[in-house]
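Chemist: Need a 3D model of the sequence below.
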Amino acid sequence: MSVKELFQEALLEYDEEPPSELQGVLAYSGVGKMYVATDDGRLRSADVRQHLLTGEWAQAQEEPRGAKTPPMLVRTILPSPKPELSATHFVLNRSGTYAALAGPTTQDPETSSIAVVDLSSCRPSREGDYDIAASITLDSGLFEARAGLRVLQVAWHPDSDCHLAVLTSDATWRLYNIQRPDLAEQTFELQLRGRRRLGLDGESHGQLPVAFAFGGGEGWDRLAVYFCTAAGQLYTLCPVVPFGCRYPARLVEGLREAAELASAGGEVAQAPTSLAWLEGAFQPAPASAGASPAGGSLLYSVPHALEEHTPSLAGPLPVESAEADDISLTSLAGGRDSVQALLLTRYGTDCTALAIATSAGTLGLYLLAGEGAEPRWAESTPQCITEGSTLLAVRSQVPTALAPSPTFLLLDVVRLGLGAAQQQGGGGDDYDDEYSEAGLTHGRSVALCADPAVAERLYCVHTAGAHAVTLGWLPLLSDFMANLEEGSAGSGQAALPPALPAPAVEQLLASKLGAVDGVAVGDPLCGTALIALEANGTPHCLRTRLAAEAPPLTGPAAARPGAAAAGGRAAEGGGVAAGTAATPAAAVDRDVEAHVARVYGDLLAGPGNAQLPAPPPGPLGSGNPAGQRHLSASMAALRSSHVEFAHQAHHDLLQRLHQLKGELTKQESRRERLADLAAGRAQAGDSLEARLARVALFQDNLSSRLALLGQLHWSLPRPPSEAERALKHSELPEWEAASRQLEGDIKALHGRVAALQRKARSMGQVAASQAALAVQVPPQQLRRMREALAQQEALIETNLDLLGALEAAAAEHEELGLV
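Modeler: Numbering: from 1, shown residues only. Next up is the predicted model:
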């Protein structure tokens with residue numbers, strides 16, 4: 001199949017008007033599969049990694065000569081029951097086993113619905129041309145009872161494959177366990193709007209939460225959720241842990257030690273509450289799951305709730321910039337603009353960046369300063385739903401508390417120039433009116449997604465097209481923070497440039513028809529791209545100029561975050577044009593030559609031609625005064641140009657020699673780390689081979705067991721066939737009746753024989769007594785009597801044989817259980 005067949009029926013009717021909202025029809029899993037939601041409720045999936053290398057989406061320089069593009073195997077999945085909704089959100093969990101679709105229902109656009117499809121339960125249909133997957137509807141009673149309640153964002157929890165987070169327009173954040181879809185496991189009512197308005201315009205519109213992101217740092221930040229309001233203000237909710245998840249014991253122990261130190265020193269007043277929460281929220285994992293894949297023990301998060309405390313919203317978080325502090329992104333954007341998307345990305349282990357996008361195309365790029373979120377508590381009693389002694393669900397009213405940390409640095413503001421936000425009327429509920437007056441539409445007109453391989457690159461998909469934004473300062477700041485932690489700041493290796501590089505913004509798609517959705521696909525090996533879908537159903541594979549110039553990474557360099565973008569920037573400095581074929585070795589050579597030319601270009605060019613004085617007329621020599629004066633003037637000219645250049649070059653080269661020695665030491669240490677990494681990978685390969693051997697033995701064992709099960713299956717009693725049932729109900733009764741009739745005939749024959757025998761005896765006696773008087777029987781009559789007796793005896797023997805056959809047949813049927 002071709003690529004276009006994957007996107008068939010992905011959209012409703014095309015009305016030739018640019019869309020004002022994005023849809024949720026595209027999703028990508030980490031295992032290389034791309035899913036497309038069609039307008040008839042089906043899902044189509046295909047592995048697109050091979051097509052990024054050698055297929056229709058491959059770059060010209062990546063396709064090997066003579067390579068044949070394999071056909072794209074498109075798999076059609078029919079959810080059962082079929083979701084009756086128009087998807088505005090479509091997300092997959094981290095393992096690709098569950099897909100969540102959310103949006104208004106097709107029967108009533110004012111009623112929202114959330115469907116979850118179990119992709120791991122697919123089974124082929126009877127026709128064999130599609131698969132059937134089980135699907136469920138989350139909390140259908142909530143949305144049916146509250147018309148106008150909209151779904152603003154859905155996202156799977158990063159620490160669980162079966163927990164789905166949902167943010168709705170009533171400023172409530174719910175966490176569902178899909179194993180119990182009719183009830184939210186944890187519900188947090190975010191009290192951001194304050195008192196309700198009394199007919200006056202207030203500032204509560206901008207306090208409505210519109211997007212959220214899970215924390216990705218260390219410590220408490222891993223258990224935090226970041227919220228962004230329509231005005232661009234940031235809040236954190238910490239701690240939040242799904243029920244039934246496993247966490248490394250070292251993480252919980254580190255949090256407990258920090259809380260104990262803070263409680264003992266009196267530094268944090270809420271530290272005892274945090275300790276109580278840690279004691280109640282985590283228990284040792286079962287023995288079968290007592291160790292994590294990376295080594296170390298695990299702790300199990302159990303259903304928990306404190307009696308008199310609930311987590312509190314911390315915020316609005318302080319935002320600092322070069323111009324002013326606590327500045328709002330919407331105030332910088334100007335006009336009735338509102339935030340619609342939030343993206344949090346982590347580079348390495350020390351640097352966290354956050355991006356906020358408004359409906360008019362203004363991007364705010366932030367850097368998290370400090371350790372991240374900290375737990376905040378409020379004195380409030382949560383509402384708990386129990387079943388016996390088991391806690392099922394917790395509902396909390398979450399107030400807001402000011403917090404001095406974490407602090408965000410607003411480093412850049414990018415204006416894409418998408419125009420003013422579209423305004424639409426709200427629904428009948430109060431929260432719908434507030435969302436409409438705040439500039440929010442029923443859908444979203446802009447979305448943010450991260451590049452799967454390049455941590456400093458993000459994509460902004462909007463109704464007018466798509467842009468790529470590369471944060472050039474993110475790798476620099478990450479290296480700077482890493483060097484600070486290693487204590488190398490004093491050596492000069494952690495110094496930052498005078499000015500951080502500006503974000504590289506590139507327009508990937510400008511569509512007059514309008515875009516409806518986009519998703520980032522790929523990995524470091526096959527390269528990454530943005531798949532965008534236009535309103536007429538045309539897909540586009542979009543790559544940035546840097547990604548198109550840099551070939552996909554292979555080897556250890558591909559595992560380093562941001563390596564692809566760094567390679568792209570080096571290729572740009574070397575002057576590699578897009579569309580030219582280049583091998584990685586040639587690209588490295590060009591990068592080295594470009595770096596040498598940039599660093600040592602002045603030394604290689606030399607001081608230039610010397611401006612020597614003009615020789616005086618007449619003969620010149622060392623013996624006459626004129627020659628000596630000309631020689632002195634020439635020496636002075638050379639001293640001021642070439643000699644000074646050689647002196648400064650010598651001084652510069654000495655400094656660079658010291659730098660290169662330090663760089664050589666660093667490279668040696670990196671080489672040793674790479675050697676250790678290679679040895680570890682080799683050991684892991686040997687371990688995998690041993691595991692594969694065990695898997696093969698296990699497979700053989702399973703095959704033998706299946707063969708034994710098959711033999712046992714076929715040896716079981718089977719139900720009678722149609723012929724056997726007909727024999728039992730129709731033929732056998734007839735045979736039994738015939739047998740009874742034959743038995744009667746045999747009895748009659750026996751009686752007749754007995755009578756004849758008695759008659760013969762009586763006749764013999766009479767004949768003996770009256771031998772003299774009786775007339776002798778003629779021989780002919782006696783012969784006929786003997787023949788009649790022989791016929792009677794033959795008939796009796798035949799009937800006896802038939803009776804024996806019937807008795808044998810009856811005994812056989814009794815053994816088969818048919819009687």
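
Chemist: which ones are touching A482?
Modeler: Residues in contact with A482 (Cβ atoms under 8 Å, 6 or more residues apart in numbering) are 348-350. Yep, even glycine has a C-beta here, placed from its N, CA and C like the rest.

Chemist: With respect to L525, which of those is nearest?
Modeler: G348 (20.1 Å; Cβ to Cβ).

Chemist: Just confirm I746 contacts L803, I think it does.
Modeler: Yes - at 7.1 Å, I746 counts as touching L803 under the criterion of Cβ atoms under 8 Å.

Chemist: Turn the contacts of A482 into TSV, including neighbour count.
Modeler: What follows is the contacts of A482, written out as TSV (neighbours: other Cβ atoms under 10 Å):
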residue	neighbour count
G348	17
T349	13
D350	17
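
Chemist: on that earlier part again, ok, I746 and L803, which is more surrounded?
Modeler: I746 (17 against 14; other Cβ atoms under 10 Å).

Chemist: how far does the host helix or strand of that one sit from the chain's center?
Modeler: I746 belongs to helix 732-769 when assigned by DSSP states H and E. Centre-to-centre, helix 732-769 and its host chain are 92 Å apart (Cα atoms, centre = their mean, to the nearest Å).

Chemist: Output the contacting helices and strands for it.
Modeler: helix 779-816 (3 or more Cβ pairs under 8 Å, 6 or more residues apart in numbering; DSSP states H and E).

Chemist: related to what we said a few turns ago, just give me the closest of the contacts of A482 to P719.
Modeler: The closest of the contacts of A482, once distances to P719 are taken by Cβ to Cβ, is T349, at 65.4 Å.

Chemist: Test for you: state the pLDDT assigned to the closest one.
Modeler: As predicted, T349 sits at a pLDDT of 72.

Chemist: so what's it up against?
Modeler: Contacts of T349 (Cβ under 8 Å, 6+ apart): 218, 482.

Chemist: Please report the distance of it from D221.
Modeler: 12 Å (Cβ to Cβ, to the nearest Å).

Chemist: just L368 next, same as before
Modeler: From L368 to D221 the distance is 8 Å (Cβ to Cβ).

Chemist: Overlap in contacts, these two.
Modeler: 352, 406.

Chemist: helices or strands next to the helix or strand where F188 lies in the packing?
Modeler: Take DSSP H and E as the rule and F188 turns out to sit in strand 184-190. Under the contact criterion of 3+ Cβ pairs under 8 Å, 6+ apart, strand 184-190 touches strand 172-177, strand 234-237, strand 390-398.

Chemist: Looking at these, which is nearest to L343?
Modeler: Evaluated over the helices and strands packed on strand 184-190, closeness to L343 peaks at strand 234-237, with 12.6 Å, by Cβ to Cβ.

Chemist: Quickly run through the sheet partners of the closest one, with directions.
Modeler: strand 225-229 (antiparallel), strand 313-314 (antiparallel) (DSSP bridges).

Chemist: And the next helix or strand past the worst-scoring helix or strand of the chain on mean pLDDT?
Modeler: Every helix and strand in the chain was compared by mean pLDDT, DSSP states H and E; the lowest is helix 563-574, with a mean of 34. Later in the chain than helix 563-574, the nearest helix or strand by DSSP H and E is helix 584-605.

Chemist: Rounded mean pLDDT for that next one, please.
Modeler: The model assigns helix 584-605 a mean pLDDT of 75.

Chemist: Any buried residues in it, and which?
Modeler: By 16 or more other Cβ atoms under 10 Å, the buried positions in helix 584-605 come out as 587, 590-591, 594.

Chemist: now those as CSV including distance to H467?
Modeler: Putting those into CSV (distance: Cβ to Cβ, whole Å) gives the following:
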residue, distance to H467
A587, 26
R590, 28
D591, 27
A594, 28
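
Chemist: which one of those sits closest to P717?
Modeler: A587 (72.5 Å).

Chemist: Would you map the helices across the stretch 201-350 of the chain?
Modeler: With DSSP state H, counting those that start in this stretch as the criterion, the stretch 201-350 of the chain has helices at 249-265, 271-281, 329-333.

Chemist: Nearest approach to P524 belongs to which of those helices?
Modeler: helix 249-265 (27.0 Å).

Chemist: what angle separates that closest one from helix 271-281?
Modeler: Put simply, helix 249-265 runs at 150 degrees to helix 271-281, going by axes from the mean of the first three to the mean of the last three Cα atoms, to 10 degrees.

Chemist: and for helix 249-265, what are the contacting residues?
Modeler: By Cβ under 8 Å, 6+ apart, helix 249-265 touches 219-220, 222, 267-268, 271-272, 274-275, 278, 282, 296-299.

Chemist: mind running it again at 6 Å?
Modeler: Contacts with helix 249-265, where a contact means Cβ atoms under 6 Å, 6 or more residues apart in numbering, come from 268, 271-272, 274-275, 278, 282, 296-297, 299.

Chemist: Which ChimeraX command selects the buried ones in these?
Modeler: In ChimeraX, this line selects whichever of those come out buried by 16+ other Cβ under 10 Å:
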select :268,271,274,275,278,282,297,299
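
Chemist: Could you report the pLDDT at the most centrally placed residue in the chain?
Modeler: Most central residue of the chain, judged by C-alpha distance to the mean C-alpha position with Cα atoms, centre = their mean, is R94 at 3.3 Å. Looking at R94, its pLDDT reads 88.

Chemist: can you give me phi and psi for it?
Modeler: Main-chain torsions, R94, degrees, to the nearest 10: phi -70, psi -30.

Chemist: Could you check how far it is from C162?
Modeler: For R94, the distance to C162 - Cβ to Cβ - is 11 Å.

Chemist: again with A211
Modeler: Counting by Cβ to Cβ, the gap from A211 to C162 is 23 Å.

Chemist: the more surrounded of the two?
Modeler: The neighbour count for A211 versus C162, taken as other Cβ under 10 Å, is higher for A211 (23 against 18).

Chemist: so who does that one touch?
Modeler: 153, 228, 341-342.

Chemist: switch to 7 Å and redo it
Modeler: 153, 228, 339-342 (Cβ atoms under 7 Å, 6 or more residues apart in numbering).
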